[in-house]
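In: Need coordinates for the below:
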Amino acid sequence: MPKEHIVQQGEHLSSIAALEGFGDFHVIWNHPDNASLKAIRDPHVLFPGDILTIPDRQEKQERRATDDTHVFQADVPPLFLRCKLIDVDGVEMKGTPCDVALESGKPAEPVEPADDQGIVEKRMGRVVKQGELIAHLEKPDPTDVKFDLRIGSLNPETKISGQQARFNNLGYFAGYSVKDLDQLLWAAEEFECDHIAKPAKRPTIVAAPPEGEEDPATNDTQGKTGVQEDKIVKKLLAVHGM
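Out: Okay, here's the model as predicted:
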């Protein structure tokens with residue numbers, strides 16, 4: 001019978017599906033019991049404490065002759081890592097040569113240079129959790145910049161941690177702790193000035209619970225923390241890309 005899975009930090013739906021023996025994560029995502037979660041989450045940006053219903057796997061039988069060799073092909077949609085490179089002025093770094101590593105202990109290998117939107121792409125395994133990207137910059141002086149990748153660890157945009165990660169990735173330092181509310185406020189105001197309107201209106205910030213966690217086990221994982229203005233949160237999601 002179906003079972004419940006409580007999402008842990010660093011998990012996304014493709015990795016959960018792989019560990020549960022499903023080739024296509026949509027089998028889980030489209031289960032009726034996951035409809036309420038599906039309405040508020042991207043399948044690859046889940047939040048610790050989210051509850052997924054894992055359906056039973058359906059066995060399939062095929063009749064074939066026993067005196068021959070047969071090939072069976074599983075339908076497993078490919079999964080890709082996509083990173084967008086932008087400079088401090090927000091300009092796409094198109095054509096930048098890059099190396100990417102997505103498996104522990106393996107050296108980074110060259111991939112196709114960033115495209116005309118600054119996007120670097122590499123196919124990846126479904127249970128990979130860490131990696132690195134090395135961008136080979138040529139201007140103003142040749143140098144290499146390394147980015148550590150934590151795959152599946154990006155939290156939803158409706159949470160302080162998710163907003164901080166996106167602001168930080170875009171160059172608006174928003175702090176590293178959910179208690180850094182003044183820094184988050186500064187980042188939100190600067191972002192609003194650059195992408196929505198000047199002068200920025202002071203955003204409303206909802207703090208994390210006193211325990212220091214955004215949503216303790218006794219709280220609702222669907223509650224919104226951080227910046228409350230929808231126009232800022234939606235614009236942040238659009239500019240960041242996820």
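
In: list the contacts for the residue nearest the centre of the chain?
Out: The residue at the geometric middle of the chain, judged as the C-alpha nearest the mean C-alpha position with C-alpha atoms, centre = their mean, is residue 154 (4.3 Å). Taking C-beta atoms under 8 Å, 6 or more residues apart in numbering, we find residue 154 in contact with 45, 162, 165, 166, 242. All C-beta atoms are positioned from the backbone trio N, CA, C, and that covers glycine.

In: Same check on residue 29?
Out: By C-beta under 8 Å, 6+ apart, the contact list for residue 29 reads 13, 38, 43.

In: Return the closest of those with respect to residue 224.
Out: Of all the contacts of residue 29, residue 224 sits closest to residue 38, with 17.9 Å by C-beta to C-beta.

In: what's the closest non-adjacent residue to the closest one?
Out: Sequence neighbours aside, residue 29 is the residue nearest to residue 38 in space, at 6.0 Å (criterion: C-beta to C-beta, 6 or more residues apart in numbering).

In: What does the one you found show for phi and psi?
Out: Note on residue 29: backbone dihedrals following degrees, to the nearest 10 are phi -60, psi -30.

In: roughly how far apart are residue 3 and residue 50?
Out: The spacing between residue 3 and residue 50, counted by C-beta to C-beta, to the nearest Å, is 15 Å.

In: So for those two, which residue has more residues nearby?
Out: Under the criterion of other C-beta atoms under 10 Å, the comparison of residue 3 against residue 50 puts residue 50 first, with 19 against 10.

In: check contacts around that one.
Out: For residue 50, counting by C-beta under 8 Å, 6+ apart, the contacting residues are 6, 7, 37, 41, 221.

In: wait, doesn't the second one sit right on residue 45?
Out: By that I understand residue 7. No - in this structure residue 7 lies outside contact range of residue 45 using C-beta atoms under 8 Å: 10.6 Å.

In: of these two, who's got more company?
Out: residue 7 (20 against 17).

In: What residue, apart from its backbone neighbours, is nearest the more buried one spatially?
Out: Closest residue to residue 7 in three dimensions, ignoring its sequence neighbours and counting by C-beta to C-beta, 6+ apart: residue 50, at 4.2 Å.
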